[in-house]
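1. what follows is a protein structure lacking sequence information:
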């Protein structure tokens, strides 16, 4: 009996001891932990998820790109140069010579035309980014075409601001796919979309090695990349959801970069000499949406009071610790025309005065639909506390993300605390949702954030439309600044923070690039000491 | 006499569809079908009354209204509820569980991918639980009231009441970070992932098929910790049940008889008493195994182990009803087959049931 137990204990001990893990990752391999379970397709024409866009940004080339540090600098990638016609409706791109796809096929204007047409024809989630230029499945083959192997022509329906059109082409939908390869895998006229979900047909600095859904994504270097082969021969991204697990992996040296550490973990690795932290402002904004169907919230003075009742600094420094900065206008810092002043700060006296002017000196009761994750709940509780100082009783209704969102989209909320990420790098993406609402009726076809909060921005709708047609960039930027000021003053949004993305990495990792959006987080420049 | 005739008559009245051996099989199949139908109906209805818009999960928050409308129609959500259910049931009958909106894969394919991870983890965990739990229970029973009994009880209680989230992280911190005995989260080291073809989806088996012992030991070093953490729970349960079954057996007269006959204590405990305990114990083990096979969400998250628990939870939170229904059917089927398996074992272990 005793022998048996002793044997068992020995057996388990023996079974576990000799299995020590490796201490360091190889010099030419980059290993990363990231929450990539949102990755559902590898097809650039259908993807709209963070991890998908990041993948496409590293494996596909786009027609054009922008400088991560100064987004006003747009440069050619696959397009060597471009021209906009006199009337502003025809764009002609000259395609760079000598680029080859992973398949060995030459990249020509024909491929570029096919890729853009494909986005419209498949009509996936991101199709509207190109569709807003008057491109439809019926007309796209006429409007976007290859004149010869090195000339691509794209016609738009109005004389848009060139920056607007070009910025949209820098997003994921502008990825150029290998027409021959994709069509070789076409089934029942699906333009290869079924095959592309899990396969690769690009020309980027990395190519797909293997994707095991929910588990890992691995890439290998494109040794013949036209702009220089990456130093990392392989990049392995492991799906690790739990931040604490990511921290352990990073401290142990089993991974080079952890992508999702939260306030707790960031605080605890601060003293670790083997680890460094990189931060970059991203486009997503945290805001409160105030439904104008609510009798109290529809009073302009109440809206203004609420903007004075958020502890911007406190939330940003403690709850979001290092992962946000205070930002109150609807265009995030880094965008063309972004307004970076933050006129509001916590001022309870001022808020009380405004409430009294609105005829509500004793405050009122209102509800807020809140996503039940730690950070959002903590933000909501802080807001609840500061509002109570002015006599406003805020009831927090916790719910799952999709649940609160469903309610919000159906205009059934009082207040919604949410996060809004821009869809592409042009200011129109946020202007068209925060300050544009052509039809405020319940059965409207367009449902921007202004609509969800039942707010009619009146003349601003026309101004937003006009800004898309302003061909002088400086004038265009001024128009957006003006719009942001107006929304700040009277809009039903308490915009609070702009998100910061943090990557925590081992000391020996250099030149990892975080861009303003997920599709410009780049691995190709990474080196390791 | 009269009782016999009544029985006879009853038998005759039931003659037909549900009599005899085929009858009993039919009866089982029939009740299974009803159970599954009920399961599907309830899950389906819950999914439809959830205040979550399933189209949202499919197209995302930013998609245009026309895309939204098109997808809504494709998903058949503008049909009346009964029609949606009817379509769903007829699809399931032809083996089509639909497509998951979250992963855009056929649900069956998804489950084929995630279930082996859970199966592997649950099996190893149960093995550990049985190998350690039964001796611990026996040990506690023969030392009833003395310190070994208390030790086993305290350890068991701790295993039962400690949050698995904390236990998992502590396990990683101690055995992975500090002692370096086991590997970290994930099913294999990052570099190895590319070398494995998911033939069966069971990492331990796939690495053996590959014939690479390094890979196999790597997989072992990854599974041992999460499996032990899960095993702690079933171990505590199994040990407690073994103890009370053993105590019951040890107070029986046949044990006294055996002792009087001079049979060694060792033989009495491990052959006679434990032999009899095995029968009810099989049910206990089967139950805890089936529970583990549902997948343990927290363990799966901490150890980056893409299994069934995480899949169903994610699907539920996104109102991905095809996936939830598919997962439910699988869990139901697992429960039924584990139960049937324990029935078979019963027959093997209990000579009376063989007749």
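-> In hand now; what should we look at? None of the values given here were measured: they were computed from a predicted structure. Numbering: from 1, shown residues only, chains lettered A, B, ... in the order given.
2. check contacts around residue 322.
-> Let's take chain A. By Cβ atoms under 8 Å, 6 or more residues apart in numbering or on different chains, residue A:322 lies in contact with A:263, A:266, A:277, A:279, A:500, A:502. Quick note: C-beta positions are derived from backbone N, CA and C, even for glycine.
3. think we crossed wires, I meant chain B
-> Counting by Cβ under 8 Å, 6+ apart, residue B:322 touches B:97-101, B:107.
4. repeat that with 7 Å
-> B:97-100, B:107 (Cβ atoms under 7 Å, 6 or more residues apart in numbering or on different chains).
5. got a winner among those residues for most neighbours?
-> Tallying neighbours with other Cβ atoms under 10 Å in any protein chain shown puts residue B:100 at the head of those, with 28 neighbours.
6. distance of that residue from residue B:185?
-> 24 Å (Cβ to Cβ, to the nearest Å).
7. between the contacts of residue B:322, which sits nearest chain A?
-> Taking Cβ to the nearest Cβ as the measure, chain A lies nearest residue B:100 of those, at 8.9 Å.
8. name all residues that make contact with the closest one.
-> Each residue near residue B:100 by Cβ under 7 Å, 6+ apart is listed here: B:107, B:110, B:315, B:320, B:322-323.
9. now, those that are in helices?
-> The helices, defined by DSSP state H, take in B:107, B:110, B:315, B:322-323 from those.
10. could you list the domains of chain A?
-> Chain A is divided into the following domains under automatic domain parsing: A:22-37+A:204-274+A:507-529, A:61-201, A:282-500.
11. grab the longest helix from chain B for me.
-> Using DSSP H to define each element, chain B has its longest helix at helix B:213-250.
12. name the helices or strands packed onto that helix?
-> Under the contact definition 3 or more Cβ pairs under 7 Å, 6 or more residues apart in numbering or on different chains; DSSP states H and E, helix B:213-250 sits against helix B:107-142, helix B:147-161, helix B:164-171, helix B:203-210, helix B:274-293, helix B:297-302.
13. how about a markdown table for those, with distance to residue B:255 and mean pLDDT added?
-> Listed next are the helices and strands packed on helix B:213-250 as a markdown table, based on distance: least, Cβ to Cβ, whole Å; pLDDT from 0 to 100:
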| stretch | distance to residue B:255 | mean pLDDT |
| --- | --- | --- |
| helix B:107-142 | 11 | 91 |
| helix B:147-161 | 18 | 85 |
| helix B:164-171 | 38 | 88 |
| helix B:203-210 | 40 | 85 |
| helix B:274-293 | 10 | 88 |
| helix B:297-302 | 40 | 88 |
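14. first to last residue in stretch A:284-302, what's the distance?
-> One end of stretch A:284-302 to the other measures 26 Å (Cα to Cα, to the nearest Å).
15. who touches the closest residue to residue A:346 other than its chain neighbours in this structure?
-> In space, not counting the residues next to it along the chain, residue A:346 is nearest to residue A:311; the distance is 4.8 Å by Cβ to Cβ, 6 or more residues apart in numbering or on different chains. If you count contacts by Cβ under 7 Å, 6+ apart, residue A:311 has them with A:346, A:382, A:386.
16. burial count for the last one?
-> Residue A:386: 20 surrounding residues under other Cβ under 10 Å.
17. host element of it?
-> Element membership of residue A:386 [criterion: DSSP states H and E] is helix A:374-389.
18. for that helix, buried residues please.
-> If you call a residue buried by 16 or more other Cβ atoms under 10 Å in any protein chain shown, then helix A:374-389 has these buried ones: A:375-377, A:379-380, A:382-384, A:386-387.
19. nearest to chain B, out of these: which one, please.
-> Nearest to chain B among those, counting by Cβ to the nearest Cβ, is residue A:376 at 14.7 Å.
20. which residues touch that closest one?
-> So residue A:376 contacts A:370, A:417 (Cβ under 7 Å, 6+ apart).
21. neighbouring strands - and their directions - for whichever helix or strand residue A:145 is part of?
-> In this assignment (DSSP H and E), residue A:145 forms part of strand A:144-148. According to DSSP bridges, strand A:144-148 forms sheet pairs with strand A:151-155 (antiparallel).
22. next one: the strand it pairs with to chain centre, how far?
-> Distance of strand A:151-155 from the chain centroid (Cα atoms, centre = their mean, to the nearest Å) equals 28 Å.
23. same question for the helix or strand following it, mean pLDDT?
-> Following strand A:151-155 in sequence order, the next helix or strand is helix A:162-169 (DSSP H and E). When pLDDT is averaged along helix A:162-169, the result is 94.
24. can I get the contacts of residue A:311 in TSV including pLDDT?
-> Shown next, in TSV, are the contacts of residue A:311 (pLDDT from 0 to 100):
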residue	pLDDT
A:346	95
A:382	95
A:386	96
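25. now do whichever residue of the stretch 101-250 of chain B sits closest to chain A, the pLDDT please.
-> Distances between the stretch 101-250 of chain B and chain A by Cβ to the nearest Cβ are smallest at residue B:221, namely 3.3 Å. Residue B:221 is assigned 91 on the pLDDT scale.
26. distance to residue A:368 for the helices and strands packed on helix B:213-250 - can I get that in JSON lines?
-> Output for these, formatted as JSON lines (distance: least, Cβ to Cβ, whole Å):
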{"stretch": "helix B:107-142", "distance to residue A:368": "35"}
{"stretch": "helix B:147-161", "distance to residue A:368": "35"}
{"stretch": "helix B:164-171", "distance to residue A:368": "28"}
{"stretch": "helix B:203-210", "distance to residue A:368": "45"}
{"stretch": "helix B:274-293", "distance to residue A:368": "38"}
{"stretch": "helix B:297-302", "distance to residue A:368": "28"}
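27. contacts for stretch A:217-232?
-> With contacts defined as Cβ under 7 Å, 6+ apart, stretch A:217-232 is touched by A:28-30, A:36, A:39, A:55, A:58-59, A:98-100, A:102, A:204-211, A:233-237, A:523-524, A:526-527, B:193-194.
28. mind doing that once more with 8 Å?
-> Contacts of stretch A:217-232 (Cβ under 8 Å, 6+ apart): A:28-30, A:36, A:39, A:51, A:55, A:58-59, A:96, A:98-100, A:102, A:203-211, A:233-237, A:239, A:523-528, B:193-194.
29. about what we covered before: quick one: the residue nearest to residue A:346 from residue A:408, how far?
-> Relative to residue A:408, and taking Cβ to Cβ, residue A:311 is found at 24 Å.
30. residue A:503 now?
-> Relative to residue A:408, residue A:503 is positioned 31 Å away (Cβ to Cβ).
31. ditto for residue B:253
-> Distance check for residue B:253 against residue A:408: by Cβ to Cβ, it reads 71 Å.
32. more neighbours: which of the two?
-> Between residue B:253 and residue A:408, residue A:408 has the larger neighbour count (other Cβ under 10 Å), namely 21 against 7.
33. so whichever residue of the stretch 351-500 of chain A sits closest to chain B is in which element?
-> Going by Cβ to the nearest Cβ, chain B is nearest to residue A:406 of the stretch 351-500 of chain A, at 4.2 Å. For residue A:406, the host element (DSSP H and E) is helix A:401-409.
34. chain center to that helix, what's the gap?
-> Centre-to-centre, helix A:401-409 and its host chain are 19 Å apart (Cα atoms, centre = their mean).
35. what stretches of the chain score poorly on pLDDT?
-> I'll assume chain A. A:1-23 (pLDDT under 70).
36. switch to chain B, that's the one I care about
-> Low-confidence segments of chain B, defined by pLDDT under 70, span residues B:1-21, B:353-355.
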